[in-house]
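Undergrad: Structure for the following, please:
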Amino acid sequence: MSIPAPRQTSTYAVISLVAGILGWTLIPFLGSIGAIIFGHLARGEISRSNGRMEGDGLAIAGLILGWLSVAMWIIGILAFILFFGGLAWIAALNS
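TA: Residues are numbered from 1 along each chain as shown. This next block holds a predicted model:
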């Protein structure tokens, strides 16, 4: 009876999750970009490992946190531009 070798967790997946959490707390934009990059690297590494590596859930969680944070940044920047652009447009109409 052979015992299967233990599967190793992808380091990139762990980094992706940690960077995704940091993207929402301490390092807002850079952490999110890191989570996206390392999440994609981890998913590729896990799929190429032929079942020897695990951590796909960690990578997906990091990707979700990263992409949600980037989407919130984009929405915030657009809201900022639209708000102040609208104010400038109203000021131009009134002058």
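
Undergrad: G62: how many residues sit nearby?
TA: G62 has 33 neighbouring residues, counting by other Cβ atoms under 10 Å. (Glycine included, C-beta is placed from N, CA and C.)

Undergrad: For it, list the residues it contacts.
TA: 13, 15-20, 35-36, 38-39, 42 (Cβ atoms under 8 Å, 6 or more residues apart in numbering).

Undergrad: Find the nearest non-adjacent residue to it, please.
TA: S16 (3.0 Å; Cβ to Cβ, 6 or more residues apart in numbering).

Undergrad: can you tell me which residue is nearest the centre of the protein?
TA: Central residue of the chain (Cα atoms, centre = their mean): G66, 1.5 Å from the mean position.

Undergrad: CA atoms only: put the helix or strand where the residue nearest to G62 lies into CSV for me.
TA: Assigned by DSSP states H and E, S16 belongs to helix 11-24. Provided in CSV are the C-alpha atoms of helix 11-24 (Å, rounded to 0.1, in the frame of the first residue of the first chain):
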residue,chain,number,x,y,z
THR,A,11,3.5,30.1,-2.5
TYR,A,12,2.1,32.5,-5.2
ALA,A,13,-1.4,31.6,-4.0
VAL,A,14,-0.6,32.6,-0.5
ILE,A,15,1.1,35.8,-1.7
SER,A,16,-2.0,36.6,-3.8
LEU,A,17,-4.3,36.3,-0.8
VAL,A,18,-2.1,38.3,1.5
ALA,A,19,-1.7,41.0,-1.2
GLY,A,20,-5.5,41.1,-1.7
ILE,A,21,-6.1,41.6,2.0
LEU,A,22,-3.4,44.3,2.1
GLY,A,23,-5.0,45.9,-1.0
TRP,A,24,-8.1,46.5,1.2
